Each structure stands twice: as C-alpha cells, then as structure tokens.
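Asks: Prediction below, plus the sequence it came from.
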Amino acid sequence: ADGLTFSLLADGGPAQLNHGSKRPAPKPAADSLLRGHAFTLHFEGAAPATVTPETSTAEHRNYFLGNDAQHWASDVRSFRELRYAGLWPGVSARVYESTDQYLEYDFELAPGAKPATIGLRHDGADGLALDAVGNLLVKTSVGTVTERAPQAWQTDGAGRRRPVACRYVLDGQVAHFALG
C-alpha cells in the first residue's frame with residue numbers, strides 16, 4: 001500500500017443536504033447530477049510498506065464496482081489512523097484524521113534519515129499550491145483540500161522536543177519537505 005485515495009463530493013454530497021436539521025431533507029430532482037472528484041496521495045519513491053490500521057470507527061462500507069463480484073468488497077471496516085512502517089530508509093508514517101477533521105500525517109525519522117526523500121504525489125488533483133502561511137492546497141474540480149503547513153521537531157539527548165523550521169517544497173504534483 002503506497003498511498004490513500006480521497007473521494008470528494010461537491011457541497012458535501014447528499015448526506016450534507018440536511019446535516020444537523022430535524023426537518024426532512026428535500027428530495028433532489030430526478031435529473032440532478034452528483035459531482036465528485038477523487039485523487040490519490042502516493043508516497044513517491046517509497047518502498048512497499050507494512051500498514052497497520054489503528055483506531056477503528058463504527059463505520060462499515062460496501063464497494064460494489066462493476067458487474068464482476070470479484071471486484072466487490074462488503075462490510076469493510078473504517079479506521080481513523082493508519083501506520084506505515086519502512087516507507088523510505090529510516091522513515092515511517094502515521095496518517096490520521098485530526099480532532100478538527102483535517103488530514104494529518106506524522107513522519108518519524110530515525111537518526112540519519114533524510115527528510116527530503118519524503119515525497120507526496122497527488123495523482124488526479126487539478127493542481128497544487130502553497131498559501132501565504134505554507135499550507136498545501138490540493139485543487140480539485142469540487143473544491144480545494146487544505147493540508148496544514150508542516151511542523152517538525154527533533155528530540156534531544158534528554159528527551160525534550162525542540163522545534164525545527166519546516167516547509168513544503170513543490171515539484172509539479174509532488175510535495176517534499178525542507179528543514180531549516
């Protein structure tokens with residue numbers, strides 16, 4: 001598993017039509033269109049990793065694609081957190097949803113590992129940009145996904161975390177990290 005696929009719906013999709021209201025949701029017109037967009041976040045240049053799911057949710061999903069039952073999956077569990085071990089030499093990752101519902105990833109580097117080798121390729125995105133505060137903006141046909149500006153720390157010999165300047169560097173559809 002070298003990445004994650006994100007499926008987005010315009011305006012939050014049908015589930016958002018009545019979110020938080022006690023009144024019945026209006027029925028969409030029979031000829032209305034549901035607009036969506038998907039992109040895949042690949043770990044560019046990474047080795048095949050061992051993925052460990054953590055923090056399961058109550059959700060179960062079904063995927064019935066096409067007419068061939070061999071391509072179907074039912075009762076698929078959902079998780080709030082995945083751990084990827086051994087993506088790049090000395091680099092592992094933790095991918096999760098933050099408490100305020102942002103995508104977050106923590107890369108853990110062993111001594112001597114090179115942060116510049118980490119690459120996040122956004123296949124299917126309409127474009128990538130950085131905003132004034134360093135957030136990564138992933139542009140799609142149904143809106144923009146914001147990935148917060150990176151933060152980095154180094155643990156000293158006494159076990160104290162010290163902040164290290166870190167920022168995204170873009171190379172086409174790939175975001176890398178630069179320290180200092």
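Replies: Nice, thanks for sending it over. What you see is a predicted model, and the numbers here were worked out from it, not measured in a lab. Numbering: from 1, shown residues only.

Asks: Nearest residue to the middle of this protein?
Replies: The centre of the chain sits closest to L103, judged by C-alpha atoms, centre = their mean, with a distance of 5.1 Å.

Asks: how about the longest strand seen in the chain: buried residues?
Replies: Ordering each strand of the chain by length in residues (DSSP state E) puts strand 73-88 first. Residues 79, 82-84, 87-88 are the ones in strand 73-88 that count as buried (16 or more other C-beta atoms under 10 Å). The way it works is simple: take the backbone N, C-alpha and C, and place the C-beta from them, glycine included.

Asks: ok, then the element right after it?
Replies: Note on strand 73-88: by DSSP states H and E, the next helix or strand toward the C-terminus is strand 91-97.

Asks: For this structure, just list every one of the strands.
Replies: Under the criterion DSSP E, the chain contains strands at 3-9, 36-43, 50-63, 73-88, 91-97, 103-109, 119-123, 127-130, 136-140, 143-147, 152-155, 161-164, 166-171, 174-179.

Asks: Comparing those strands, which comes out most buried?
Replies: Comparing the strands of the chain by mean neighbour count (mean count of other C-beta atoms under 10 Å), strand 119-123 ranks first with a mean of 20.

Asks: what comes into contact with it?
Replies: 3, 39-46, 128, 138, 171, 173-176 (C-beta atoms under 8 Å, 6 or more residues apart in numbering).

Asks: Listing partners with orientation, what would you give for it?
Replies: strand 36-43 (antiparallel), strand 174-179 (antiparallel) (DSSP bridges).

Asks: now these as JSON lines including distance to D156 and mean pLDDT?
Replies: Shown next, in JSON lines, are the strands paired with strand 119-123 (distance: least, C-beta to C-beta, whole Å; pLDDT from 0 to 100):
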{"stretch": "strand 36-43", "distance to D156": "28", "mean pLDDT": "92"}
{"stretch": "strand 174-179", "distance to D156": "16", "mean pLDDT": "94"}
